[in-house]
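Participant: this is a predicted model, with the sequence first.
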Amino acid sequence: MNMNQETLLKIVSILFTALLQLPVSLSFRGIPFSGLDKLMLAKRGETGDWRVTFKGKEFSKNTYATRHEDIVLECEAGGSPSPTIHWLKNGERIQQGMSRDYLDDEASYEETVNKDSKPMLRLGKVKSKLFLDCVSDRDEAEYTCVAETPYERISQSTFLKMDNTLSAQSRANCLTKKAFRGEPARIHLWTAVRVEFTGAAVQLFCRAEGYPAPTISWRYSAQGEKIEDDDSHTILPNGDLLIKHITFMQNMGDYYCTAENEAGIDEVSTFLYPTSP
């Protein structure tokens, strides 16, 4: 092993310990997870699947906002299969992005079993943001983050309330935004961490909104070249990246998704860790 490989593995070890830590005594389908903490998944049933759980800071009962300011609600969840996230306002689904096909929520391009009919790992953590611009009294409502897989759904809510303060600067910024017809590209759902068996195909989420509709591009590593459709990669119509036949040496590391339109640009990263079955 050369020096660059040793340095890379040390960096991976640090990142993995920071992102995912489970007690050493636990394992997933017979595979020990040493130092994997933030997915913090609980085993369920005899299938070996893991429950969907929320990560990070829990929602407060109430969220307070100043009129005309911008609010961003953020939610993250982990599970196997890797969950998707959508939002409700007073119980009604909020449309984010251009796609209205709710079947798009699933990682439908992934295999669920390998060639020996054994289940894939499909372990991941996803994040989502709900962007509320120039909030006003009509935005006062209960907002719910819903994380789900084809097998399970969980939710958490916060009530957005307007406080009594007024900001002249926020109002001015709001009027400027309304005068501009475009909406900047913003990524509202993405895969933060994904762990999968080598040889599998993985679908990394990256869903964006904006007007005009954003274009999505992917690259491997911070300074890596743009990923194009080829025998190993496909950028799906919803912006997700499908990577086929992953290996540790070729695919382990950070993938960057960029959403861009004439009004703005946004970028997120995903850490992919192929592991041996």
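Facilitator: Thanks, I have the structure now. Numbers count the residues shown, from 1 in each chain.

Participant: helices of the stretch 151-277 of the chain, residue ranges please.
Facilitator: 168-179, 248-251 (DSSP state H, counting those that start in this stretch).

Participant: output those helices as a markdown table; include the columns mean pLDDT and distance to residue 230.
Facilitator: Backbone N, C-alpha and C define where each C-beta goes, glycine included. Below are those laid out as a markdown table (pLDDT from 0 to 100; distance: least, CB to CB, whole Å):
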| stretch | mean pLDDT | distance to residue 230 |
| --- | --- | --- |
| helix 168-179 | 72 | 39 |
| helix 248-251 | 94 | 13 |
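
Participant: what's the closest of the ones you listed to residue 205?
Facilitator: Comparison of those against residue 205 by CB to CB identifies helix 248-251 as nearest, at 16.3 Å.

Participant: residues making contact with that closest one?
Facilitator: Residues outside helix 248-251 that contact it (CB atoms under 8 Å, 6 or more residues apart in numbering): 198, 220, 243, 272, 274-275.

Participant: could you redo the last one with a cut-off of 7 Å?
Facilitator: 198, 243, 272, 274 (CB atoms under 7 Å, 6 or more residues apart in numbering).

Participant: what about the helices in the stretch 1-150 of the chain?
Facilitator: Under DSSP H, counting those that start in this stretch, the stretch 1-150 of the chain gives helices at 3-19.

Participant: and the strands in it?
Facilitator: Here the stretch 1-150 of the chain has its strands, by DSSP state E, counting those that start in this stretch, at 27-28, 31-32, 50-55, 62-65, 71-80, 84-89, 92-93, 123-132, 141-148.

Participant: which of the ones you listed is buried the deepest?
Facilitator: strand 123-132 (a mean of 22; mean count of other CB atoms under 10 Å).

Participant: what's that one in contact with?
Facilitator: 28, 39, 50, 55, 70-78, 80, 82-85, 87, 94, 139, 143, 145, 186, 188-195, 205.

Participant: want to throw the strands of the stretch 1-150 of the chain into TSV with distance to residue 252 and mean pLDDT?
Facilitator: As requested, those are exported to TSV (distance: least, CB to CB, whole Å; pLDDT from 0 to 100):
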stretch	distance to residue 252	mean pLDDT
strand 27-28	18	38
strand 31-32	16	38
strand 50-55	22	86
strand 62-65	38	95
strand 71-80	19	95
strand 84-89	24	95
strand 92-93	36	94
strand 123-132	15	96
strand 141-148	26	96
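
Participant: so which of these comes closest to residue 108?
Facilitator: strand 84-89 (10.6 Å).

Participant: run the angle between the closest one and strand 141-148 for me.
Facilitator: 160 degrees (axes from the mean of the first three to the mean of the last three CA atoms, to 10 degrees).

Participant: closest to residue 154 out of the contacts of helix 248-251?
Facilitator: residue 272 (24.5 Å).

Participant: separation between the nearest residue to the closest one once chain neighbours are set aside and residue 166?
Facilitator: Leaving aside its chain neighbours, residue 272 sits nearest to residue 194 (5.1 Å; criterion: CB to CB, 6 or more residues apart in numbering). Applying CB to CB, to the nearest Å, the value for residue 194 to residue 166 is 44 Å.
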